[in-house]
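Trainee: Next one to model:
(2 chains)
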Protein chains: 2
Amino acid sequence: MIVKCIVAYDGSMYCGWQVQPGSPSIQETIEKALKKMHKREVSIVGSGRTDTGVHALGQVFHFETELKLTPFHWCAAINRLLPKSIRIQDAQVMPDDFHARFDVVSKRYDYYVTRDADNPFIQNYMGKERRELDLEAMRECASIFVGTHDFTSFTSNKIHAEKSRVRTITRVEAEAYESGVRMIFEGDGFLRYQVRMMAQTLIEAGLHHEDKDSILKMLEAKDKHACHYKAEACGLYLVKVNYEEE
Amino acid sequence: MIVKCIVAYDGSMYCGWQVQPGSPSIQETIEKALKKMHKREVSIVGSGRTDTGVHALGQVFHFETELKLTPFHWCAAINRLLPKSIRIQDAQVMPDDFHARFDVVSKRYDYYVTRDADNPFIQNYMGKERRELDLEAMRECASIFVGTHDFTSFTSNKIHAEKSRVRTITRVEAEAYESGVRMIFEGDGFLRYQVRMMAQTLIEAGLHHEDKDSILKMLEAKDKHACHYKAEACGLYLVKVNYEEE
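Mentor: Numbers count the residues shown, from 1 in each chain, chains lettered A, B, ... in the order given. The predicted structure follows:
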């Protein structure tokens, strides 16, 4: 049986989604909980990775199981074995061909940046920029990213050359949020660091360091070295992963 | 010269205000930063202690210094040497007889409790109670604490017998806050655990486990064992310390 889970996590104390030597990953922490329940090794497949310090409200993963539980009892049982910083929000049995990564239709990420840089409670939860951001300028530049583009300029320059870096972005918004700005990014998928690089580029637009022309040039360059901006990981949230059946 | 500082801190990773063997305390972390600035040992005097995991928006401390800095530069200089979880909010030179503990006129503490117990982001920042709280019942019982009372029933039972346990409470409120309740406590001072014990007692009132009569009896008992409730530390915030000059 295939079970699909939606999970929220505070990424502050993890090395990211994927298992890595050193500090614990979200994935291995969840796999450890499932191992206790199943009394055997259980591998989970996430919708994609999140980097060190990145948070999730609605990350999705699947796994195979022989246990029969209701959604409520799946959540309760796994959560009891997980640290409080990782909380299963929902669980449901899926058709046998469901795959949390291959079946993704679109994803939404939000990025939060605040002027309130001396607030000790947001240090791990928002990007910081003390200066005022020009929301109108950010919105104008946000529109450049919408559509189907080759995002080579907005990803890690260590990415494999042979993989496609074309993605379709359907929504980029910037809105006032408390003493800062929330940006919303939605698309069929994102390259490594892409959201953080776009987010910081829009922050620079909000500071009038970049404008529509310069950002359009960056995008059109399709050059690994065209954009040297990357927003801090802690401001980024994987909000929702959408699948066809929904 | 005496400098008074207002400091906000995320208490999650500290053993509380006071120096203790083992994990770092807020006090020693600040003293370490001041030592670097002064190139000598500097002791700070807080308005009072906060327990492990308790947060502060407006804790106050003072120290003696020979350095001459503007308020802005005091904040910037200390914050540069502090971890991000402790942030100086304000600093000012005071008359030589100012004392952060002896001169306290009143303090305000807020307690947050949420129904949203599966939110990984509030785990260290709010008390949790999944059941709905009856705000009206909480408010009715809150009024019992207001006034000058012997709070022996609402403090650690290890407290020194010879010290007065009479305190004057001027304000106890309960109001809806997101998916939970915020309680506000203001008074001339609070005994160890007093706010957390009163907060949990009001939560029990909100669950109809206690009522005005039973709580009045607890208070009148002046008995160390009369109240066995104590809310989790993480929901408690020292919001403001008031002094006469203000």
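
Trainee: Near the closest residue to A:Asp96 other than its chain neighbours, how many other residues are there?
Mentor: Nearest residue to A:Asp96, sequence neighbours excluded (C-beta to C-beta, 6 or more residues apart in numbering or on different chains): A:Ile2, at 5.8 Å. C-beta here means a position set from N, CA and C on the backbone, and glycine is covered the same way. Using other C-beta atoms under 10 Å in any protein chain shown, A:Ile2 is surrounded by 17 other residues.

Trainee: what do you get for A:Lys224?
Mentor: When neighbours are counted by other C-beta under 10 Å, A:Lys224 comes out with 16.

Trainee: Now do the same for it: helix, strand or coil?
Mentor: Three-state call for A:Lys224 (DSSP: H, G, I helix; E, B strand; the rest coil): coil.

Trainee: my read: it touches A:Asp150, true?
Mentor: No. Counting by C-beta atoms under 8 Å, A:Lys224 does not reach A:Asp150; the two are 11.7 Å apart.

Trainee: Check the gap between A:Ile122 and A:Tyr111 for me.
Mentor: To A:Tyr111, A:Ile122 is 13 Å away according to C-beta to C-beta, to the nearest Å.

Trainee: My error: substitute A:Cys5 in the last question.
Mentor: Taking C-beta to C-beta as the measure, A:Cys5 falls 24 Å from A:Tyr111.

Trainee: for A:Ser153, same thing?
Mentor: For A:Ser153, the distance to A:Tyr111 - C-beta to C-beta - is 18 Å.

Trainee: can you check A:Lys84 too?
Mentor: Shown here: A:Lys84 relative to A:Tyr111, a distance of 25 Å by C-beta to C-beta.

Trainee: now do A:Pro83
Mentor: 25 Å.

Trainee: higher neighbour count, the two?
Mentor: Using other C-beta under 10 Å as the criterion, A:Pro83 and A:Tyr111 rank with A:Tyr111 on top: 24 against 16.

Trainee: so the more buried one bridges to which residues?
Mentor: For A:Tyr111, the beta-bridge partners are A:Met183, A:Leu236 (DSSP bridges).

Trainee: How many residues are close by A:Arg108?
Mentor: For A:Arg108, using other C-beta under 10 Å, the count is 19.

Trainee: Strands of chain A, start to end?
Mentor: A:2-9, A:45-46, A:55-64, A:86-94, A:104-114, A:127-128, A:147-150, A:166-177, A:180-187, A:236-243 (DSSP state E).

Trainee: Adding mean pLDDT as columns, could you present those in TSV?
Mentor: Converted to TSV, the strands of chain A look like this (pLDDT from 0 to 100):
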stretch	mean pLDDT
strand A:2-9	98
strand A:45-46	98
strand A:55-64	98
strand A:86-94	96
strand A:104-114	98
strand A:127-128	98
strand A:147-150	97
strand A:166-177	97
strand A:180-187	98
strand A:236-243	98
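
Trainee: Who's the closest spatial neighbour of A:Glu140, skipping the chain neighbours?
Mentor: A:Lys212 is the one closest to A:Glu140 (C-beta to C-beta, 6+ apart), at 5.9 Å.

Trainee: Just give me the neighbour total for the one you found.
Mentor: 13.

Trainee: With A:Arg139 instead?
Mentor: Using other C-beta under 10 Å, A:Arg139 has 17 other residues around it.

Trainee: do A:Arg130 as well
Mentor: 9.

Trainee: May I have the phi/psi pair for it?
Mentor: As for A:Arg130, its main-chain torsions (degrees, to the nearest 10) stand at phi -70, psi -30.

Trainee: Which residues are in contact with the residue nearest to A:Glu66 when sequence neighbours are not counted?
Mentor: Excluding the flanking residues, the one nearest A:Glu66 by C-beta to C-beta, 6+ apart is A:Met1, at 7.0 Å. Going by C-beta atoms under 8 Å, 6 or more residues apart in numbering or on different chains, A:Met1 touches A:Glu64, A:Thr65, A:Glu66, A:Lys68, A:Val93, A:Asp96.

Trainee: separation between the fourth one and A:Ile26?
Mentor: As judged by C-beta to C-beta, A:Lys68 and A:Ile26 stand 26 Å apart.

Trainee: Looking at the two, which one has more neighbours?
Mentor: Counted by other C-beta under 10 Å, A:Lys68 and A:Ile26 do not tie: A:Ile26 has more neighbours, with 28 against 9.

Trainee: pretty sure that one is touching A:Asp51, no?
Mentor: No. A:Ile26 lies out of contact with A:Asp51 (C-beta under 8 Å); the separation is 10.9 Å.

Trainee: Give the residues shared as contacts by those two.
Mentor: In contact with both A:Ile26 and A:Asp51: A:Gly16, using C-beta under 8 Å, 6+ apart.

Trainee: Would you map out the domains in chain A?
Mentor: Annotated domains of chain A cover A:2-94, A:105-243 [automatic domain parsing].

Trainee: so can I have CSV of those showing distance to B:Val195?
Mentor: Below are the domains of chain A laid out as CSV (distance: least, C-beta to C-beta, whole Å):
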stretch, distance to B:Val195
domain A:2-94, 23
domain A:105-243, 19
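
Trainee: Count the residues that sit near the nearest residue to A:Leu207 once chain neighbours are set aside.
Mentor: The shortest distance from A:Leu207 to any non-neighbouring residue, by C-beta to C-beta, 6+ apart, is to A:Arg131 (6.0 Å). By the measure other C-beta under 10 Å, the count of residues near A:Arg131 is 10.

Trainee: what pLDDT does A:Arg131 get?
Mentor: A:Arg131 is assigned a predicted lDDT (pLDDT) of 97.

Trainee: Correct me if wrong: it contacts A:Thr114.
Mentor: No. With contacts counted by C-beta under 8 Å, A:Arg131 stays clear of A:Thr114, the gap being 11.6 Å.

Trainee: Could you dump the strands of chain A into JSON lines and include distance to B:Thr170?
Mentor: Formatted as JSON lines, the strands of chain A follow (distance: least, C-beta to C-beta, whole Å):
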{"stretch": "strand A:2-9", "distance to B:Thr170": "39"}
{"stretch": "strand A:45-46", "distance to B:Thr170": "52"}
{"stretch": "strand A:55-64", "distance to B:Thr170": "39"}
{"stretch": "strand A:86-94", "distance to B:Thr170": "38"}
{"stretch": "strand A:104-114", "distance to B:Thr170": "33"}
{"stretch": "strand A:127-128", "distance to B:Thr170": "37"}
{"stretch": "strand A:147-150", "distance to B:Thr170": "60"}
{"stretch": "strand A:166-177", "distance to B:Thr170": "35"}
{"stretch": "strand A:180-187", "distance to B:Thr170": "35"}
{"stretch": "strand A:236-243", "distance to B:Thr170": "40"}
